[in-house]
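Participant: One predicted model, sequence on top.
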Amino acid sequence: MHLSETANTGFLFLAPWLVFFPVIGLLINGIFGGRLSERMVGAVASLASGAAFVVSLLLFVTVSGSHGEAMRWHLAEWIHIGELSLDWTFRVDSLSTTMMLVVSGVGTLIHIYAIGYMHEDVRFKSDPGRFRRFFVFLNLFIAAMMILVSGDSYLMLFVGWEGVGLCSFLLIGFWYEMDTLARPSWANSDAAKKAFIANRVGDFGFLIAGFLMFFAFGSFQFDAVFAKAHEVPHEMIIAITLFMLIGVAGKSAQIPLYVWLPDAMAGPTPVSALIHAATMVTAGVYLITRSAPLYSVVHEAQNIVALVGAITALFAATIAVGQYDIKKVLAYSTISQLGFMVAAVGMGAYVAGMFHLVTHAFFKALLFLSAGSVILGVERGHHHAAHAHASPLSQRERARARESKGKKKEERHDAHDDHASAEHHEAFDPGDMRNMGGLRKTMPVTFWLYMIGTIALAGLPPFAGFWSKDEILLDASHHSQTIYWLLTVAAFFTAFYMGRQIWMVFFGEARHEAAAHAEESPKVMTVPLMILAALSILGGALNLPFEGFHNLGHWLEYTIGEVEALGLDMQVAGVSTVLALIAILISWLLYGRNPMKQGQVDPLKKGLGPIFTGMENKWYVDELYHAIIVTPFNKISYFLADVIDWRFWHDWFHEKVIAGTYNWISFIGLNEYADQKGIDAIANGLGVWTQNFSATLRKVQNGFVRSYALSVLLGVVLILGYLVLK
Amino acid sequence: MNLSLTLLTFSPLIGILVLLFMSGNNRNTMRWTALITSLVTFGVSILVFTMFNASNPDLQLVEKYNWITVAGWNIQYHLGVDGLSILLILLTTFLTPISILSTWTAVEERVKEYMIFFLLLEIGMNGVFLAQDLFLFYIFWEFTLVPMYFIIGIWGGPRRIYAAIKFFLYTMAGSILMLLAILWLGVNGGTFSLPELIAQGGIPSNIQWWLFLAFAAAFAIKVPMWPLHSWLPDAHVEAPTAGSVILAGVLLKLGTYGFVRFNLPLFPEAAVRAAPWIALLATIGIIYGAAVSYAQADIKKLVAYSSVSHLGFVMLGLFALNPEGIAGAILQMINHGISTGALFLLVGMIYEQTHTREFKVYGGLWKITPVFGTIFLIVALSSMGLPGLNGFVGEFTILLGAWGAGQNGVFYWGNVWFAAISALGVIMAAVYILYMFQKMFLGPQGEIVDEVKKHGHAIRDLNWREIVTVVPLLIFIFWIGLYPAPFFDIMAPAVDKLVAMMPLP
Amino acid sequence: MIPVDYYIILSAILFVIGVLGVLIRRNALIIFMSIELMLNAANLAIVAFGSVIKSFDGQIFVFFVIAVAAAEVAVGLALIVEIFKSKRSIDVDQMSSLKG
């Protein structure tokens, strides 16, 4: 509070509305959305996100006005017990406003794009009712992400951290009843679960870091923690930062926890763009940048972070080379680029890392959304092809085949629904690059947008990606040769797989009738893409390596302290540019000069053989994890549940031993021996004797009146005799 | 003279009397009678809450009368409430109307007896939380068994008799030891009054140890702590929905509450000595319960085992013996009551339609029942401790407390490992909760949907009655998750007082 | 004056005859008459002793006995008639349905 009291707070009071606006949006759509039209639902959600963007801008203005000083806005108490005191406090400084702008800016564009995308997507999958649900989740994500970037303590950051994990789960599993090819399957929901659990593993690391931090620093609040960074023992900070790295690896998809991100492509494409490329996955980078005062004092931890990032960058880039799915390539590319960012912040080049985070948000969102446009275009083409060629008979056959797959969806007929009647559930994959080719002609706008994104990602000047990547490489060259070369090679692969993708998707001839009939996407989708394209071209201007242009650097200095502003190193820039050009050239030689034909094997496979198979199969990491983690966990848990808990503890110990012993004692021991043969025997014996005795006695009672009279007489005689003789 | 606590405890009696004089067939009138009675009781508890002064750490609204004073015995009718119990009282009176509402259509036979047993159970539970005399406490403690025994045994599933008897015998077995310890205390201390006994103190430490164990036996079975949990899955699986809600929501808390109320203040030295051992059992329970939950084929069993895991957290927090741990544990008792209670409610709602709890026939329900799916998701997330929902606040403070206990030497062996390993339970909770949610609501449509259709009616979404039943729980899930400050404020003074009694190393 | 001994001896003889009659005979009417004999033997003894001690008490007592005997005869004969109606016999040995 000491900061905001003195400073001019400006629009600071709006800070909580970063979260409230999206929440209001999701409540409106969630509760009343059923009665609203799709347009209204989309508009409400986009406005909610847009309002958050406006708030971010106003906060940006406020922070600029106060010379970048950090400001805090206390909303409410959260947990106060014992020594623990946590509040809902928003922190507005240069770092958090940067993130806010990226999240809400890119987020709003993707909201708008999604209005168009989801309109078609829900119809291809014949469940238009789910349109609304998508925007509810998307707004929830914006809200959680805002909590993440604007929290003033590690715990509030953690709230957002897990919140975005939840949204990621919900959105990956958005089409939870099918797989990516819309066949009934558990695949999408498995992917969603995998993402959440992998993130939870990371969160475990975060939690441990939090406990260590609390008992070392006595607080979770950023300023309070950073103020003591030099008093706390070195080893403790190493432990904290490394446990935090586990959290980062989970959220930002670094080795060893990156495996969830490729599967996360099961979500609709806007989700892949927003959550799994532009914003959520960069939370780890944000976390390290935010914790700069801690990382800066422990170089050992920094080196490990940088190394993890660099290895991830290269490793994921090699896998991307071997993928056929247009989104999988981008997914591995994202992991690789996140590796660049993590490596950068690990080396202490926070500005470079944040710079790349921002530009990557632009061009990777662009690429993903363009890929979504491609997929939808191909899917449209698929439907048209089916309409054009299908004879009535074959349609009936298809219908029968569909039923035999057990898919009994009701076909809904909305007024503006022209796709539902033509469902296709054959294993046609609209995302498979082997089904594409030649889309340059049918989808020209998307082609050019994709090209811009590709060049930016490949790192060719003067596009945004060049400047940010070059800054990272430059820092690496100063810092460590190992990391520099790992990243440079990764950059080479990046250019190569992007080239491969361009040639395969847009050039050559259509390898499937669907691609031949592909159609361009509507304006609601392409216009946001154009804005992103413009940002991808011009984004480099944020932080040009020339004197007086280090805007982002100076801006972030307010938060993370003085940073060394590097100029342009011609050698580093040259090497990376030349390598990128060579990579694109090789890709042209392989894929562009002789375009792939239908059914043809990937040309690289011939040359590289088993290495390519390894890339294609993601180096078998999923299988490895399955064998060493998933399977043992399942086995152990079934063993515990079935053998130990149920059969041993419940059935054997309790039923047999305790209840059985008790039963034995009571039935056999006590009942039979003690009771029946002991106490019962005595009682019964007494009874038998009485019976016998009375049987004898009853013979006296013979019923003859005269004998009774005789006995009376005898009695009288006896009594009289006694009385007389006494 | 303030009779508010007596009124609170025995106000369900009015409903019981009315019900007793009702003739057999108007079931709806009986339901309404029971519901209104429980709502009145809830109202009374709110009144009590308004009279309660949260900043006072001591017992309040005390009622104390001599009861049995023959032959040197000094047994009193002694009720009182403080920050440790007020929230649990509110939880009890809050969950009872909800569980009565939840059985509106589920129970069609012997409605009168069912409702009477529920109201009797409420009397017993309130009594346990309010009694400040050991003898009185023991009577209420045992008294809760009887209605629950009948609720499981009459309205339960196929193996209800077995489950009911097991439940009864298990709890009795532990209580006997406690009764002996109570008699020892009463005879040696000359009084059965808990505050007086605490004030007297001075029990030799070796005797403390045995008394502690005797009390712990009764409470640990009730909690249930690993490895004494074997009765729980049987009882939960066989109990009717509302029975499970009350069992998970309140009856299990009787055990943990017993530890807070009796074991800690009566035997502080023994408690400090036992801390790492209890923490060990709690940690094993957390991991074991989570692992075993994951492997269940029956939905209710999964939730039952998850209780073992969650209550492990509560026990870990209690024996951290610091304000964070104990307050977190008390809050987690409330959280578990709300979240697991709600889970049982929701499982009951779907069971009422499908009559099966096997995971393998479910799947894809979210598409058919969007409202149900969304509510289930929120409750499930609260159960797995998602930040922003109630479970996280409890679990986090508990783990923080346990970590602190490890560092400060309360866990004089084991150090921070208890907290660290228990934190793994957070991952494992995600595994089994997401598994449950996935198998029921995600994935392709399960065969149960067609199975139900064959009987002439499709699976429907929640109706208004069911929504009204769950929404109050949802409100608390969000409230405690986002703004738990009032809850902590209520218990903080009492917790601080309790911690101050502990002879910590 | 006849000594009282003679009355007593006569009374005793009559009583013994009555007793023997009850014990030996099976005809219910005979048994009944034998009982009357024993009663009257007792009456004789009472009157005799009454005259010896010069008191009217004995005679008053005898009147009571005669009245009771008359009542007894009425009830007893009614029973015998009923028994005869159902059993067609008044042999007491056949009326042994109460034997143990």
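Facilitator: Arrived safely, thanks for sending.
Participant: Helix or strand next in line after the helix or strand containing A:Gly116, which one?
Facilitator: Here A:Gly116, judged by DSSP states H and E, is contained in helix A:94-124. Per DSSP H and E, the first helix or strand lying C-terminal to helix A:94-124 is helix A:130-150.
Participant: Could you check the angle that next one makes with helix A:94-124?
Facilitator: 170 degrees (axes from the mean of the first three to the mean of the last three Cα atoms, to 10 degrees).
Participant: in chain C, which segments are predicted with low confidence?
Facilitator: For chain C, applying pLDDT under 70 flags the ranges C:98-100.
Participant: got the residue ranges for the helices in it?
Facilitator: C:4-24, C:28-52, C:57-87 (DSSP state H).
Participant: what pLDDT, on average, does the helix holding A:Gly116 get?
Facilitator: For helix A:94-124, the mean per-residue pLDDT is 89.
Participant: is any part of that helix close to chain B?
Facilitator: No - judged by Cβ under 8 Å from any Cβ of the partner chain, helix A:94-124 stays clear of chain B, getting no closer than 12.4 Å. All C-beta spots, glycine's among them, are computed from the backbone N, C-alpha and C.
Participant: Indicate the residue of the stretch 101-250 of chain B located nearest to chain A.
Facilitator: B:Ser230 (5.0 Å; Cβ to the nearest Cβ).
Participant: Quick check: which of the helices of chain C is buried the most?
Facilitator: Mean neighbours per residue, mean count of other Cβ atoms under 10 Å in any protein chain shown, is largest over the helices of chain C for helix C:28-52, with a mean of 18.
Participant: Mind giving me the packing neighbours of it?
Facilitator: In this structure, helix C:28-52 packs against helix C:4-24, helix C:57-87, with contacts taken as 3 or more Cβ pairs under 8 Å, 6 or more residues apart in numbering or on different chains; DSSP states H and E.
Participant: does any part of whichever strand or helix holds A:Met40 sit near chain B?
Facilitator: In this structure, A:Met40 sits in helix A:38-65 according to DSSP H and E. No - using Cβ under 8 Å from any Cβ, helix A:38-65 never reaches chain B; the gap is at least 14.7 Å.
Participant: And that helix, what does it pack against?
Facilitator: Helix A:38-65 sits against helix A:17-27, strand A:84-92, helix A:94-124, helix A:130-150, with contacts defined as 3+ Cβ pairs under 8 Å, 6+ apart.
Participant: Need the helices of chain C in JSON lines (columns: distance to A:Phe134).
Facilitator: What follows is the helices of chain C, written out as JSON lines (distance: least, Cβ to Cβ, whole Å):
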{"stretch": "helix C:4-24", "distance to A:Phe134": "117"}
{"stretch": "helix C:28-52", "distance to A:Phe134": "113"}
{"stretch": "helix C:57-87", "distance to A:Phe134": "103"}
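Participant: what packs against the helix holding A:Gly116?
Facilitator: So helix A:94-124, by 3+ Cβ pairs under 8 Å, 6+ apart, packs with helix A:38-65, helix A:130-150, helix A:269-273, helix A:283-290, helix A:350-389, helix A:523-538, helix A:551-560.
Participant: any idea how far chain B is from the nearest residue to A:Leu57 once chain neighbours are set aside?
Facilitator: Nearest residue to A:Leu57 in three dimensions, chain neighbours excluded: A:Leu101, at 7.1 Å (Cβ to Cβ, 6 or more residues apart in numbering or on different chains). According to Cβ to the nearest Cβ, to the nearest Å, A:Leu101 stands 24 Å off from chain B.
Participant: Contacts only, for A:Leu101.
Facilitator: A:Phe53, A:Ser56, A:Leu57, A:Phe60 (Cβ atoms under 8 Å, 6 or more residues apart in numbering or on different chains).
Participant: Buried subset of these as a ChimeraX selection?
Facilitator: The buried residues among the contacts of A:Leu101 can be selected in ChimeraX (16 or more other Cβ atoms under 10 Å in any protein chain shown) with this line:
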select /A:53,56,57,60
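Participant: What ranges does the stretch 201-350 of chain B have for its strands?
Facilitator: Counting by DSSP state E, counting those that start in this stretch, the stretch 201-350 of chain B has no strands at all.
Participant: Nothing else from me, thank you.
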